[in-house]
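A.B. asks: coords below, sequence missing:
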């Protein structure tokens, strides 16, 4: 199999042997989690299912422009779109001409049929390009960091939905809900609910809180130290106690 | 222009109506013209606590709808010439209130009185929202128990979001009264201490009222406990009313206030 890093977030590969392919991705799974994988060669259903189960972003048989940046790639997309517009106009003219001449010329009809096939193929290509563009955008959004800092008391009945990371400097009262897609650091006592889907959480002892990290409820008794670090490592949740020496806010 | 103070709690049965009656009477005793308005439409209680139930002719819903004038509906207290009362409707429910009508009604009261006390209904529905909407200040009543505190927390959250003065960009002044504190239970650790409650709710304290059996009899007879100078709860309400009127009265720790029994206990410890 031939592998090539096309750009920071795009990886090119070919399928020669199914087993080789799958074992390669098994070992490098974490590496490719945030990549767009461009696969050349025939894709069997087994491979497709395998890629989908592991949440890889991939496209099949797409020719990437050689030696060009993402910007150039985007420019090419827009150019191709314009070309498609011209093509559609032409087709319309062609249709009106056909309406007049259809009875006379049967050969013309055959030409039209072949044209239609061409058009369908074009549309198919464009939909692939669009999917590719969307995936690229999604991945670049994922890469941009964002952090929110909140110093208000979260009162009962309030619900916070935070995109990205959150630094919480005040208490979360009983009956309040805080949800984050990124990491969470809370310096004060928490008595409400926490839903965190990020890499890491830092919490103090909170015996009354309802803590859910990546869909798993965290036992309050495990938070023993003044500050506890809850991390996701290799699909396992690790809780470590931060000692006084380690905590250095300044 | 007068000050509009809403008495709220979130949870029912913690003593909003009793507090409204006593604070209003305390303010009136300070020679300030005060009107207390029952906003608990459909569940009128304040008239009984004030001992004015047989004198209600018109209610606030009739005033807001233009069926009666404020002067016709206002009832003057027998106890204090500075205290006035406006009753809630007993036959209608909370949904009859509308913001523009409430705003006009409260503006009229503000012109005539130094203090306008609004007795909010329990819960956090429309009736509660209309009570706090045009208030300048709020007094939150809690009992030292977790359910009351969580409901009060929710009510404060709504207060911070929906009050008109917050929408105008100002903060609404909110103060806390802890009601029905039983000193023995706090000392033995069974009841939440005031410090814990203040830590949880993060607002200024206005006063602490000890549990007092005399309050039930006082309410039943229509004579607010503040009139009873010997009662510990009555004394607490006097201090609270003075603070509302702007006097600098130190907070008394009713939890540690030593009775005869606790003194004896301390000797043996």
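C.D. replies: Thanks, I have the structure now. From a predicted model like this one, the values you see are computed outputs, not experimental measurements. Numbering: from 1, shown residues only, chains lettered A, B, ... in the order given.
A.B. asks: host element of residue B:209?
C.D. replies: The secondary structure element spanning residue B:209 is strand B:204-210 (assigned by DSSP states H and E).
A.B. asks: any idea how many residues pack against residue A:5?
C.D. replies: 10 (other CB atoms under 10 Å in any protein chain shown). (C-beta placed from N, C-alpha, C; glycine too.)
A.B. asks: which residue packs closest to it, ignoring adjacent ones?
C.D. replies: residue A:11 (5.8 Å; CB to CB, 6 or more residues apart in numbering or on different chains).
A.B. asks: for that neighbour, grab phi and psi.
C.D. replies: phi -130, psi 130 (degrees, to the nearest 10).
A.B. asks: next one: it from chain B, what distance?
C.D. replies: In this structure, residue A:11 lies at 48 Å from chain B, with CB to the nearest CB, to the nearest Å as the measure.
A.B. asks: give the contact list for that residue.
C.D. replies: Counting by CB atoms under 8 Å, 6 or more residues apart in numbering or on different chains, residue A:11 touches A:3-5, A:32, A:35-38.
A.B. asks: which of these sit farthest apart?
C.D. replies: A:3 and A:36 (14.1 Å; CB to CB).
A.B. asks: if you count what's nearby, which of those two comes out ahead?
C.D. replies: Each of residue A:3 and residue A:36 had its neighbours counted (other CB under 10 Å), and the higher figure belongs to residue A:36 (22 against 10).
A.B. asks: show me the contacts for that one.
C.D. replies: Counting by CB under 8 Å, 6+ apart, residue A:36 makes contact with A:9-11, A:57-59, A:132, A:135-136, A:139.
A.B. asks: same question, residue B:11
C.D. replies: With contact set as CB under 8 Å, 6+ apart, residue B:11 has these partners: B:122, B:143, B:147-148, B:151-152.
A.B. asks: same check on residue B:254?
C.D. replies: Neighbours of residue B:254 in contact, by CB under 8 Å, 6+ apart: B:181, B:183, B:208-210, B:232, B:236.
A.B. asks: can you pick the most crowded of those?
C.D. replies: Counting neighbours by other CB under 10 Å, residue B:209 leads the contacts of residue B:254 with 27 neighbours.
A.B. asks: who's in contact with the nearest residue to that residue once chain neighbours are set aside?
C.D. replies: The spatial neighbour of residue B:209 that comes closest, neighbours along the chain excluded (CB to CB, 6+ apart), is residue B:236 at 4.3 Å. Taking CB under 8 Å, 6+ apart, we find residue B:236 in contact with B:207-210, B:252, B:254.
A.B. asks: with residue A:10 instead?
C.D. replies: Listed by CB under 8 Å, 6+ apart, the contact set of residue A:10 reads A:35-38, A:64, A:136.
A.B. asks: domain map for chain A?
C.D. replies: A:3-60, A:70-143, A:147-242 (automatic domain parsing).
A.B. asks: is it possible to export these to JSON lines including mean pLDDT and distance to residue B:161?
C.D. replies: Conversion of these to JSON lines gives the following (pLDDT from 0 to 100; distance: least, CB to CB, whole Å):
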{"stretch": "domain A:3-60", "mean pLDDT": "80", "distance to residue B:161": "39"}
{"stretch": "domain A:70-143", "mean pLDDT": "78", "distance to residue B:161": "31"}
{"stretch": "domain A:147-242", "mean pLDDT": "90", "distance to residue B:161": "9"}
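A.B. asks: most packed of those?
C.D. replies: Among those, the stretch with the highest mean neighbour count (mean count of other CB atoms under 10 Å in any protein chain shown) is domain A:147-242, at a mean of 17.
A.B. asks: what about it and chain B, any contact?
C.D. replies: Yes - Domain A:147-242 lies within reach of chain B by CB under 8 Å from any CB of the partner chain, at A:153, A:155-158, A:171, A:173-175, A:191.
A.B. asks: tell me the two of these that are most distant?
C.D. replies: Comparing every pair within the residues of domain A:147-242 next to chain B by CB to CB identifies A:157 and A:171 as the most remote, at 14.6 Å.
A.B. asks: test my guess that residue B:137 contacts residue B:165.
C.D. replies: No - between residue B:137 and residue B:165 there is no contact under CB atoms under 8 Å: 9.3 Å.
A.B. asks: where do the contact lists of the two overlap?
C.D. replies: Residues touching both residue B:137 and residue B:165 (CB under 8 Å, 6+ apart): residue B:172.
A.B. asks: one step back: of the contacts of residue B:11, buried ones?
C.D. replies: B:122, B:143, B:148, B:151-152 (16 or more other CB atoms under 10 Å in any protein chain shown).
A.B. asks: mind giving me the packing neighbours of the helix of greatest length in chain A?
C.D. replies: Under DSSP state H, the helix in chain A containing the largest number of residues is helix A:106-143. On a contact count with 3 or more CB pairs under 8 Å, 6 or more residues apart in numbering or on different chains; DSSP states H and E, helix A:106-143 meets strand A:36-40, strand A:57-60, helix A:70-101.
A.B. asks: any idea which of the ones you listed gets closest to residue B:19?
C.D. replies: Nearest to residue B:19, of the helices and strands packed on helix A:106-143 and by CB to CB, is strand A:57-60 at 61.5 Å.
A.B. asks: which one of the domains of chain A lies nearest to residue B:94?
C.D. replies: Taking the domains of chain A one by one with CB to CB, domain A:147-242 is closest: 19.3 Å.
A.B. asks: now the helix ranked longest in chain B, how far from the chain's geometric center?
C.D. replies: Longest helix of chain B, by residue count under DSSP H: helix B:146-162. Relative to the chain's own centre, helix B:146-162 is displaced by 15 Å; criterion: CA atoms, centre = their mean, to the nearest Å.
A.B. asks: re earlier: now render the domains of chain A as JSON lines, adding distance to residue B:57.
C.D. replies: As requested, the domains of chain A are arranged in JSON lines below (distance: least, CB to CB, whole Å):
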{"stretch": "domain A:3-60", "distance to residue B:57": "72"}
{"stretch": "domain A:70-143", "distance to residue B:57": "66"}
{"stretch": "domain A:147-242", "distance to residue B:57": "39"}
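A.B. asks: of all the ones you listed, which one is nearest residue B:191?
C.D. replies: Nearest to residue B:191, of all those, is domain A:147-242, at 17.2 Å by CB to CB.
A.B. asks: and that closest one, how far apart are its ends?
C.D. replies: Length of domain A:147-242, first residue to last, CA to CA, to the nearest Å: 22 Å.
A.B. asks: can you redo the contacts of residue B:254 as CSV with pLDDT?
C.D. replies: Output for the contacts of residue B:254, formatted as CSV (pLDDT from 0 to 100):
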residue, pLDDT
B:181, 93
B:183, 87
B:208, 94
B:209, 95
B:210, 94
B:232, 92
B:236, 95
